[in-house]
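Chemist: the sequence isn't on hand, but the structure is:
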């Protein structure tokens, strides 16, 4: 269903002349479709790998970022009013076919499938598994969505995700425009976005893997702080007109702006169990709806009122507040 809705999104953008209908087709139908694909993939991998959830979730989550890389250059160099029908139609069909075919191989594990004769805290004597589960112990029970909300931790995660994702979306939305504003060429602008996309994806996998050793909460706080510092770095690079520094802070922004997603995806079953993970993580991730509104829409208003420097400074400050909120997270029942 998600694959078909994604295709409809691109076809709507390609063929509908009415702006409102195009927004509804691409933003609403296409957005719902991509959300269905994303939620299915992330929740499934969390169920299959309870003992090394960070690395596996981060790897799959990264596909949502580096999968965009070829399209950044397509839309910057091979996309204009003369060929947009053909480009958008082909991309829509490509996305639908790849996702549709992949879906037939998907399979859920049985509920509570961890073997009863193996203690998850020792993981059959595996040192890596034991170290990971010592840092990220399994949930004390299988929390229903209502129970998860009542712990207070799920709403706190929601607020932290709203703020962090808002900063990430702001960076994605305005980095190319800011690069052009300060006089960098289109190649640097597109390359900065390409660097951000690649590191956004790879960073998810790397931090997911590290979180199995460091601990999920510590890793989450770390990447949110990096994201915040990168916003101030982008201002500095623009002020001194350094393309090298701009690409470096685009690198950091991409790293921090993606790596927090698998942390929330892995923290949710760590805190609330796997049986209701799709719904519980869906509630947490629903915060991205608000993030999109203030990261993109409100972000453009702040840029218009305060300029890019003021907007990036505000984004950096919001990220630091989100890191402080993340410090308050704790596993319910322990």
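Modeler: The structure has been received and is ready for your questions. Note that this is a predicted model, so its numbers are computed, not measured.
Chemist: ok, residue 299 touching residue 312?
Modeler: No. Residue 299 lies out of contact with residue 312 (CB atoms under 8 Å); the separation is 9.8 Å. To be clear about C-beta, it is placed using only N, CA and C from the backbone, and glycine gets the same treatment.
Chemist: between those two, which has more neighbouring residues?
Modeler: Neighbour count, other CB atoms under 10 Å: between residue 299 and residue 312, residue 312 has more, with 30 against 22.
Chemist: ok, now which ones touch the more buried one?
Modeler: 178, 231, 232, 234, 235 (CB atoms under 8 Å, 6 or more residues apart in numbering).
Chemist: can you point out the buried residues in the strand or helix carrying it?
Modeler: Using DSSP states H and E, residue 312 falls within helix 299-326. Under the neighbour-count criterion of 16 or more other CB atoms under 10 Å, helix 299-326 has 299, 302-303, 308-309, 311-316, 318-320, 322-323, 325-326 buried.
Chemist: show me what the helix or strand where residue 193 lies is packed up against.
Modeler: Remark: residue 193 resides in helix 186-214, with elements defined by DSSP H and E. With contacts taken as 3 or more CB pairs under 8 Å, 6 or more residues apart in numbering; DSSP states H and E, helix 186-214 sits against helix 53-66, helix 69-77, helix 127-135, helix 153-181, helix 216-239, helix 243-272.
Chemist: out of these, nearest to residue 20?
Modeler: Closest to residue 20 of the helices and strands packed on helix 186-214 is helix 153-181 (CB to CB; 20.4 Å).
Chemist: avg pLDDT for the closest one?
Modeler: Per-residue pLDDT over helix 153-181 has a mean of 86.
Chemist: got a list of what the nearest residue in space to residue 96 that is not next to it in sequence touches?
Modeler: With sequence-adjacent residues excluded and distances taken as CB to CB, 6 or more residues apart in numbering, residue 96 is closest to residue 7, at 3.7 Å. Residues in contact with residue 7, defined by CB under 8 Å, 6+ apart, are 33, 92, 93, 95, 96.
Chemist: the fourth one and residue 68, how far apart?
Modeler: Just to be clear, that refers to residue 95. 11 Å (CB to CB, to the nearest Å).
Chemist: the two: who's more crowded?
Modeler: Set side by side, residue 95 and residue 68 show more neighbours around residue 95, with 23 against 18, by other CB under 10 Å.
Chemist: so that one, which state does it fall into?
Modeler: helix (DSSP: H, G, I helix; E, B strand; the rest coil).
Chemist: from memory it sits against residue 6, does it?
Modeler: Yes. Judged on CB under 8 Å, residue 95 makes contact with residue 6 at a distance of 4.9 Å.
Chemist: burial of residue 237, as a residue count?
Modeler: 23.
Chemist: with the one 3 residues further on instead?
Modeler: By the measure other CB under 10 Å, the count of residues near residue 240 is 10.
Chemist: about what we covered before: just the buried ones out of the contacts of residue 7, please.
Modeler: For those, buried by 16+ other CB under 10 Å: 33, 92, 95, 96.
Chemist: quick check, nearest of those to residue 292?
Modeler: residue 33 (15.3 Å).
Chemist: distance of the closest one relative to residue 11?
Modeler: From residue 33 to residue 11 the distance is 12 Å (CB to CB).
Chemist: and residue 274, by the same measure?
Modeler: On the measure of CB to CB, residue 274 and residue 11 end up 36 Å apart.
Chemist: the more surrounded of the two?
Modeler: A count of neighbours by other CB under 10 Å puts residue 274 above the other of residue 274 and residue 11, at 24 against 21.
Chemist: you'd agree that one is up against residue 50?
Modeler: Yes. Assessed by CB under 8 Å, residue 274 is found in contact with residue 50 at 6.5 Å.
Chemist: just give me the residue closest to the centre of this protein.
Modeler: residue 261 (4.2 Å; CA atoms, centre = their mean).
Chemist: contacting residues for the closest residue to residue 54 other than its chain neighbours?
Modeler: Nearest residue to residue 54, sequence neighbours excluded (CB to CB, 6+ apart): residue 211, at 3.8 Å. With contact set as CB under 8 Å, 6+ apart, residue 211 has these partners: 54, 55, 58, 136, 218, 219, 220, 262, 263, 266.
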